[in-house]
Each structure stands twice: as structure tokens, then as C-alpha cells.
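>>> Give me a model of this one.
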Amino acid sequence: MLLLETLALPEPADPESILDEGLLLQTAEGDQEAFRKLYEDTDRTIYGFILSILKNPQDAEEVMQETYMKVWTSAPSYKAQGKPLAWMFTIARNLCYMRFREQKHKSDLGLDDLDGAETGQLCPQIEDAADKLVLKAALKTLKEEERQIVLLKNSSGLKHREIAEVLGMPLATVLSKYNRAMKKLERYLREE
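Numbering: from 1, shown residues only. Here you go, the predicted model:
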């Protein structure tokens, strides 16, 4: 389990401030300071979510930038519902799917060699190349939802209830999938 511990990033900002709808509403009014604070409070969480979908750090960074640009430009259309982080995750998820469509289109045209996408590092905190390869292989053994839950929990520092809210799943399902995924990872890492 030592490898999974390397995924953990510093604790994100207080979850209450992550979910502070006031920052998004102030951003909608053009308040750059509120937008900066919103970014600081959510960047690790958003990045972890995007990385869990794209599985490529370079693409994840690009989509994260696009996400925050979209948040800035779309903030005035945000309807106060008490779930600003879920709204931001929806933007990020849609941009990830757009990225998949673009890459598929390039591949269909035979331009995948020109794409220039590099595998990059899974997480900058992992320094040993062998550990990175083992960890990547271990994460590939998980189903998509399991991988998202594990990465959101371990790299973004979200609590299970926050993950349930973000992914629109019951808390019991998130807990079950997380436990199952951790057992799969532990089993895989023991075998390796």
C-alpha cells in the first residue's frame, strides 16, 4: 500500500470553502479575487477528477485550464443550487469527453502520430520509474468508477460523502466500490 500513499497530495482547503457558493457567485460578477480563491480551493480536486478520466497528466493539465476558463466565462449562467463543485465537475467531465472525441477524430484521420501526447508521469510525487509502472498497471486493473473514486479519495483528498455527491452515487455504493478497489490494488501489488 506504500505506492498508494504516494498518491496523496497535501490536504485540500477546508471542504466547506470548496463548496462555498459565494465564491462562484462573486466570480459571476467579475470578481477576480473570488475566482483566484475558488481556483486555490478547488484546483487539486478538479485536477484529480480530470486525471481520473483522462489518465494523462499533460492532457489533464490542459483540460483543467480549459475548465477554469469555462468556469470564468460561464459563471454568470450558474444557477445557485448549493452545489458549485458539482457544476464545476460537470464542466470538467464535458471537456474531458470533448477531448476524447477530438482524439478519436484525429485517430480516425490517421493523425494520431502527430498528436504528440506523451505518457508523462502519473503523479509528480512518484520518483521511481518502476513504482510508476507498477502503479499504472495496478490502476488499470480497476473499473473506471473504481479508479475515479480511488484517485479522488487519495490524490484529491475528498471524503467519501463528497465523492458520492460529485459522482451522483449513494454513499454506500462509493464506500463499497472504494473498498473493493483497494482490495484489488492490494492483491495486485502483493502479486507484483
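
>>> Let's check: the centremost residue of this structure is which one?
Taking C-alpha atoms, centre = their mean, the centroid of the chain lies closest to residue 49, which sits 1.3 Å from it.

>>> before we move on, what SS does that residue have?
Secondary structure, DSSP: H, G, I helix; E, B strand; the rest coil: residue 49 is helix.

>>> Helices of this protein, start to end?
Using DSSP state H, the helices of the chain run over residues 2-5, 15-18, 21-28, 32-54, 57-74, 84-108, 129-140, 144-154, 160-167, 171-191.

>>> Can you point out the buried residues in stretch 83-99?
For stretch 83-99, burial by neighbour count (16 or more other C-beta atoms under 10 Å) applies to 84-85, 87-89, 91-93, 95-96, 99. Every residue, glycine included, has its C-beta placed from N, CA and C.

>>> Nearest to residue 157 among these?
residue 85 (13.1 Å; C-beta to C-beta).

>>> I'd assumed residue 149 was in contact with the residue nearest to the centre of the chain.
No: in this structure, residue 49 is not within contact of residue 149 by C-beta atoms under 8 Å, at 10.7 Å.

>>> count of neighbours near residue 36?
By the measure other C-beta atoms under 10 Å, the count of residues near residue 36 is 12.

>>> whoops, residue 171 was the one
Neighbourhood size, residue 171 [other C-beta under 10 Å]: 14.

>>> And for residue 142, the neighbour number?
Neighbourhood size, residue 142 [other C-beta under 10 Å]: 20.

>>> Give me the pLDDT for the closest residue to it other than its chain neighbours.
Among residues not flanking residue 142 along the chain, residue 181 sits closest, at 5.1 Å (C-beta to C-beta, 6 or more residues apart in numbering). What the model reports as pLDDT for residue 181 is 88.

>>> List the residues that contact residue 181.
Contacts here follow C-beta atoms under 8 Å, 6 or more residues apart in numbering; on that basis residue 181 touches 142-143, 146-147, 149-150.

>>> Closest one of those residues to residue 60?
Nearest to residue 60 among those, with distances taken as C-beta to C-beta, is residue 147, at 13.4 Å.

>>> list the contacts for the nearest residue to residue 141 once chain neighbours are set aside?
Nearest residue to residue 141 in three dimensions, chain neighbours excluded: residue 188, at 5.3 Å (C-beta to C-beta, 6+ apart). Residue 188 is in contact with 137-138, 141, counting by C-beta under 8 Å, 6+ apart.
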